[in-house]
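> Provided below for reference: sequence and predicted model.
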Amino acid sequence: MQGSWLEQLKRNKNKLAISLVFLIIAIIAYSLAGDYVTDQGNTVIAHDLILDHVGPYNLSFIFVWLFILVIVVGLFYPLMFRPAKISYFLNIFSLFVIVRSGFIIFTHLRPPIDAIEPVFPSMLQFLNFTNDLFFSGHAGLPFLLFLLFYKENKKLAYFMLACSIILGITVLLMHVHYSIDVFSAYFITYGVYKIGNKIFK
């Protein structure tokens with residue numbers, strides 16, 4: 001018997017506190033990395049086989065709101081239904097954010113000139129940066145949630161996989177990411193998941 005929802009949270013309160021500190025560190029790291037790449041003046045535009053022949057199309061609604069849905073569900077599900085594992089989910093999510101923060105500062109690319117800039121709600125604008133291309137968080141995060149949820153809830157896991165594919169296509173059609181940003185996201189995210197399992201499980 002695992003106990004009630006509140007009992008499970010109380011039982012794991014120390015782990016949860018450490019995970020929240022790790023999450024705060026990850027968010028700060030991402031914010032600093034985002035500011036760094038946004039301020040870079042030596043960014044370049046690259047050619048892309050797919051982007052040179054398709055789009056751009058304005059899919060801002062999907063880009064913004066489907067991604068927000070992914071984040072909300074990704075946090076809500078373990079909090080409400082897997083409280084004993086919430087620290088594990090938060091730790092791997094934080095690791096993903098830190099790894100992405102590291103990657104984006106090494107490659108100074110900017111989106112194509114015809115990229116359609118999405119508009120986030122004002123409360124989330126502080127996490128909206130430019131030139132933070134490699135690798136795609138829109139493709140990577142829902143894929144990470146697919147991997148995390150696969151043994152917990154297969155229907156939800158496949159929903160996240162569908163979101164990952166849809167968002168990956170969306171960022172390409174909007175020209176806000178290059179193909180390599182999207183394709184590499186799956187390999188890097190899988191690596192983050194495997195490393196996170198070794199460290200946190």
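That came in fine, so what should we check first?
> report the buried residues of the helix ranked longest in the chain.
Longest helix in the chain, counting residues (DSSP state H): helix 13-39. By neighbour count on 16 or more other CB atoms under 10 Å, the buried set for helix 13-39 is 15-16, 19, 22-23, 26-27, 29-30, 33-34, 36-37. All C-beta atoms are positioned from the backbone trio N, CA, C, and that covers glycine.
> ok, now stretch 173-192?
Within stretch 173-192, the residues scored as buried using 16+ other CB under 10 Å are 173-178, 180-182, 184-186, 188-189, 192.
> kindly reformat the buried residues of helix 13-39 as a markdown table containing pLDDT and distance to Thr107.
Below are these laid out as a markdown table (pLDDT from 0 to 100; distance: CB to CB, whole Å):
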| residue | pLDDT | distance to Thr107 |
| --- | --- | --- |
| Lys15 | 84 | 34 |
| Leu16 | 82 | 34 |
| Ser19 | 88 | 29 |
| Phe22 | 92 | 25 |
| Leu23 | 93 | 25 |
| Ala26 | 94 | 20 |
| Ile27 | 91 | 21 |
| Ala29 | 92 | 17 |
| Tyr30 | 90 | 16 |
| Ala33 | 88 | 12 |
| Gly34 | 86 | 14 |
| Tyr36 | 87 | 12 |
| Val37 | 84 | 9 |
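> and the next element down the chain from the longest helix of the chain?
Counting by DSSP states H and E, the next helix or strand C-terminal to helix 13-39 is helix 60-61.
> show me what contacts Asp181?
Contacts of Asp181 were listed using CB atoms under 8 Å, 6 or more residues apart in numbering, and they are Leu133, Phe134, Phe135, Ser136, Ala139, Val171.
> which other helices and strands does the longest helix of the chain contact?
helix 86-104 (3 or more CB pairs under 8 Å, 6 or more residues apart in numbering; DSSP states H and E).
> and the helix it packs on, what's its mean pLDDT?
Summarised as a single mean, pLDDT over helix 86-104 is 93.
> where does the prediction get shaky in the protein?
1-3, 5, 41-42, 124-127 (pLDDT under 70).
> quick one: the closest residue to Ala46 other than its chain neighbours from Phe61, how far?
Residue nearest to Ala46 in three dimensions, not counting chain neighbours: Leu109, with 5.9 Å by CB to CB, 6 or more residues apart in numbering. According to CB to CB, to the nearest Å, Leu109 stands 25 Å off from Phe61.
> show me which of those two is the more surrounded one.
Leu109 (20 against 10; other CB atoms under 10 Å).
> test my guess that that one contacts Thr130.
No - using CB atoms under 8 Å as the test, Leu109 is too far from Thr130 to be in contact (10.6 Å).
> return stretch 95-109 as PDB; C-alpha atoms alone will do.
Extracted in PDB, the C-alpha atoms of stretch 95-109 (Å, rounded to 0.1, in the frame of the first residue of the first chain):
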ATOM      1  CA  LEU A  95      18.800  17.600 -16.500                       C
ATOM      2  CA  PHE A  96      17.200  18.000 -19.900                       C
ATOM      3  CA  VAL A  97      17.000  21.800 -19.500                       C
ATOM      4  CA  ILE A  98      20.600  22.000 -18.300                       C
ATOM      5  CA  VAL A  99      21.900  19.900 -21.200                       C
ATOM      6  CA  ARG A 100      20.000  22.000 -23.700                       C
ATOM      7  CA  SER A 101      21.300  25.200 -22.100                       C
ATOM      8  CA  GLY A 102      24.800  23.800 -22.700                       C
ATOM      9  CA  PHE A 103      24.200  22.900 -26.300                       C
ATOM     10  CA  ILE A 104      22.700  26.200 -27.400                       C
ATOM     11  CA  ILE A 105      25.600  28.300 -26.300                       C
ATOM     12  CA  PHE A 106      28.100  26.400 -28.500                       C
ATOM     13  CA  THR A 107      26.400  26.800 -31.900                       C
ATOM     14  CA  HIS A 108      25.700  30.400 -32.900                       C
ATOM     15  CA  LEU A 109      23.100  30.100 -35.600                       C
END
